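**Q** turn this into a structure:
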Amino acid sequence: MGQFKTQGGKTIQNCKLGYRTFGQLNAEKSNAILFPTWFGGKSENLIGNAGTMVDTTKFYLILVDALGNG
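**A** Below is the predicted model:
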């Protein structure tokens, strides 16, 4: 993400966001589902649950880690 400006006006230098993807993005890029974690959560905790909630043969699933916890 590069520089990330917080609501408080501070800047996080070289900010990185962890994520995992499953499935295949279609040509129209219309089958993506963004599945954020809870505050302090990690995508690894969702792999089993999100994978059963979303059919990754039809959808491109993006699991995003909480900022600073990836």
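
**Q** contacts and neighbour counts: CA atoms only from here.
**A** Will do.

**Q** if I look at residue 36, how far off is residue 54?
**A** Using Cα to Cα, to the nearest Å, residue 36 is found at 13 Å from residue 54.

**Q** backbone phi and psi for the spatially closest residue to residue 59 that is not a sequence neighbour, please?
**A** With Cα to Cα, 6 or more residues apart in numbering as the criterion, residue 59 has its nearest non-adjacent residue at 5.0 Å, and that residue is residue 31. Phi and psi for residue 31, reported as degrees, to the nearest 10, are phi -110, psi 20.

**Q** buried set for stretch 25-35?
**A** For stretch 25-35, burial by neighbour count (16 or more other Cα atoms under 10 Å) applies to 25, 32, 35.

**Q** and it, how far apart are its ends?
**A** For stretch 25-35, the first-to-last residue distance is 15 Å (Cα to Cα).

**Q** now it: mean pLDDT?
**A** Averaged over stretch 25-35, pLDDT sits at 94.

**Q** got it, and stretch 55-70?
**A** For stretch 55-70, the per-residue pLDDT averages 79.
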